[in-house]
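>>> Would you be able to build a 3D model of this:
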Amino acid sequence: MALEWVVLGYAAGAEAIMLLFLTLPGLDGLRRGLVSVVRGALKPMLSVVPFCLFLLMDIYWKYETRPTCNEEHACTPSEHLRHQKSIMKSQRNALLIAATLLLYWLLFTVTSLVVKIEQLNQRLNKLKRDD
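Purely as a prediction, here's the structure:
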């Protein structure tokens, strides 16, 4: 299962880098090419959403089927420690899922806003030339 989390981490990193490059000021020359690359990458990256839902269901299933150590002497110290580590990993993975989905949504929104701004700038330049 570690490979899925690595892939999700790389996807979140790629989304963060693309979002950073789209929002950095002073990259107007690169922005047009970057917008076309990001718009082309958004559709394949949409597969992150069902992948995150699958991993979220996996976390839920692990949570529901975990062994419980409710009583004082029900678990050995090593079992208790393994249980605590499992909870920490599940929380970390849930944060990674949330971050990946948020970054995808932000990337989609920022890309559409940049495209609208470019279209408005082109329309404004056309109106200035006509006057």
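>>> for the record, mean pLDDT for stretch 40-52?
The average pLDDT within stretch 40-52 is 90.
>>> got a list of contacts for it?
Under the criterion C-beta atoms under 8 Å, 6 or more residues apart in numbering, residues 4, 7-8, 11, 14-15, 18, 97, 100-101, 104, 107-108, 111 lie in contact with stretch 40-52. C-beta coordinates here come from the backbone N, C-alpha and C atoms, glycine included.
>>> From the structure, what's the count of residues near Glu118?
13 (other C-beta atoms under 10 Å).
>>> and Pro25, helix, strand or coil?
coil (DSSP: H, G, I helix; E, B strand; the rest coil).
>>> er, Thr68 I mean
Classified using three-state DSSP, Thr68 is coil.
>>> now the helices: where do they sit in this protein?
In the chain, helices defined by DSSP state H lie at 2-23, 28-45, 48-64, 77-130, listed in chain order.
>>> quick revisit: with respect to Thr65, which of the contacts of stretch 40-52 is nearest?
Glu4 (18.2 Å; C-beta to C-beta).
>>> Settle this for me: that closest one is touching Ile59, isn't it.
No. Assessed by C-beta atoms under 8 Å, Glu4 is found out of contact with Ile59, at 11.2 Å.
>>> For the residue nearest the centre of the chain, which residues are in contact?
Centroid-nearest residue in the chain, with C-alpha atoms, centre = their mean: Thr100, separated by 1.5 Å. By C-beta under 8 Å, 6+ apart, the contact list for Thr100 reads Leu8, Ala11, Ala12, Glu15, Val48, Cys52.
>>> JSON lines for those residues, including distance to Arg129?
Formatted as JSON lines, those follow (distance: C-beta to C-beta, whole Å):
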{"residue": "Leu8", "distance to Arg129": "48"}
{"residue": "Ala11", "distance to Arg129": "43"}
{"residue": "Ala12", "distance to Arg129": "43"}
{"residue": "Glu15", "distance to Arg129": "37"}
{"residue": "Val48", "distance to Arg129": "42"}
{"residue": "Cys52", "distance to Arg129": "47"}
